[in-house]
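give me a 3D structure for the following:
(chains A and B)
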Amino acid sequence: MKTMQVNVVTPDGSVYEAEANLVSVKAHEGELGVLPGHIPLVTPLRIGPVRIKKDSKVDLVAVNGGFMEVRRDEVNILAESAELPTDIDVARARAAKERAQRRLDEAKKDNIDFRRAELALKRAINRLEVSGG
Amino acid sequence: MASLRDIQSKISSTKKTKQITKAMQMVSAAKLNKAQNKAQAFFPYTQKIRDVVSSIAEGSMVSHPMLESREEVKKTAYLVITSDRGLCGAYNSGLLRHTMNTIKERHSSQDEYGIIVIGKVGRDFFKKRGMPIYQEIVGLSDQPAYADIKNIAATTVEMFADEVFDEIYVHYNHFISAISQEVTETKLLPLTDFDESAEGENSGGGDSPSYEYEPDEETILKQLLPHYAESLVYGALLDGKASEFGARMTAMSAATDNASDMIDQLNLKFNRARQAAITQEINEIVGGASALD
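Numbering: from 1, shown residues only, chains lettered A, B, ... in the order given. Predicted structure coming up:
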């Protein structure tokens, strides 16, 4: 089976590097699956889990926004932060989720705090989803 | 002449100082190592964003306010990266002198510029002189994470977008080697010199494929350029941190050498004084004995 190189890079260093058969991300316009030999593509990503499949093994990475750059045999994901399931602090993510939800209940809709809390909530849910907690 | 005891206490205090400076030198060396690794880990991130942005900028007619210089520059921002602590030689003073000279040269009144400062030394410096500080951040860790400066970087970029500032420069010490740092000014925004520098790096790198853009170039530029500018700030900060430890290491190693010299001299002085005291004592004994004869 054909493979491609997948890299997840953040300002604090590389998080994930491996060969894979399939990468599935939440792109701006919806779910997007990339196979080896895809045409070169650049697209922004939403906060969400990235699924990287190699043979029958699936790796999950929690990616907080950022971009994906696809080349023929290479996929680069650039994000401000990204975590592997083992690096996620589940307790902290849970606390963040609750905090964000509380703020959402209190804040007014078009407030900056509201949007910030919304993003924080998305990140927390993403982390929890990826870590399976 | 100083008494024997005075000299002795001077020697012991200099020895203690030497121990401290030596320890600081070693700590700085270790931190420098870490800072360099961090800068290295960060490099691929900017490099990639740069590749993507340059391929968009080259291949299409799409433009973005951040890529164009404004016709009239009313206000310029200077982002100055200094350290929180001293004892690092000319690291801060050289940088601040350069910034002051630049500002004096380019601007005649305080309305024409604003300062964004990282580090306690710089903040105190500008505050004392009553210069307009728009943002400040102090107490960053030695190995700052991207999240630590995300706020200041994002607000700075926003200030450019909101036309508070028409140009933003970054002043920091560029790391050349452990013993040499260079005060550097780079233009953060607008990204006008982008094409040239990108070409220079691309020619070595080889292929830059023509991408499909999803949803379109404009949306991507809109999201990518602020990220890029923010990451440049972070890059400058990491560079500055590495320089800081390099400068501190050099300063402390010089201090240790000086302390060693001083101890040698004091030892010599001590031995002379001791010898003089012995000679005098013998003289007195001989003098006393001959008086008895």
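
going forward, measure contacts and count neighbours with C-alpha atoms only.
Will do.

so what's the nearest residue to residue B:83 once chain neighbours are set aside up against?
Of all residues not flanking residue B:83 in the chain, residue B:119 sits nearest, at 4.7 Å (CA to CA, 6 or more residues apart in numbering or on different chains). Residue B:119 sits next to B:81, B:82, B:83, B:84, B:136, B:137, B:138, B:139, B:140 when contact means CA atoms under 8 Å, 6 or more residues apart in numbering or on different chains.

which ones among those residues are found in strands?
Residues of these located in strands (DSSP state E): B:81, B:136, B:137.

contact partners for the first one?
Listed by CA under 8 Å, 6+ apart, the contact partners of residue B:81 are B:117, B:118, B:119, B:122, B:170, B:171, B:172, B:173, B:237, B:240.

residue A:60: what secondary structure?
strand (DSSP: H, G, I helix; E, B strand; the rest coil).

now the end-to-end length of stretch B:135-148.
End-to-end distance for stretch B:135-148, by CA to CA, to the nearest Å: 14 Å.

show me the contact partners of that stretch.
Contacts for stretch B:135-148 (CA under 8 Å, 6+ apart): A:11-12, A:80, B:31, B:34-35, B:38, B:84, B:115-120, B:123, B:152, B:234, B:238, B:241.

show me those that map onto helices.
Using DSSP state H, the subset of the contacts of stretch B:135-148 located in helices is B:31, B:34, B:35, B:38, B:120, B:123, B:152, B:234, B:238, B:241.

centre of the chain versus the helix-or-strand element of chain A with minimal mean pLDDT, how much separation?
Of all helical and strand segments in chain A, the minimum by mean pLDDT, DSSP states H and E falls on helix A:112-131, at a mean of 82. Offset of helix A:112-131 from its chain centre (CA atoms, centre = their mean, to the nearest Å): 12 Å.

how about the residues of chain A near chain B?
A:9-14, A:28-29, A:39-44, A:69, A:71, A:78, A:80 (CA under 8 Å from any CA of the partner chain).

which of these count as buried?
A:9-14, A:28, A:39-44, A:69, A:71, A:78, A:80 (16 or more other CA atoms under 10 Å in any protein chain shown).

now do residue B:231 against residue A:43, distance only.
Counting by CA to CA - residue B:231 and residue A:43 are separated by 19 Å.

what about the stretch 1-150 of chain B, any weak spots by pLDDT?
B:1, B:59-61 (pLDDT under 70).

assign whichever residue of it sits closest to chain A to helix, strand or coil.
As assessed by CA to the nearest CA, chain A sits closest to residue B:41 within the stretch 1-150 of chain B, at 4.4 Å. Following three-state DSSP, residue B:41 is assigned to helix.
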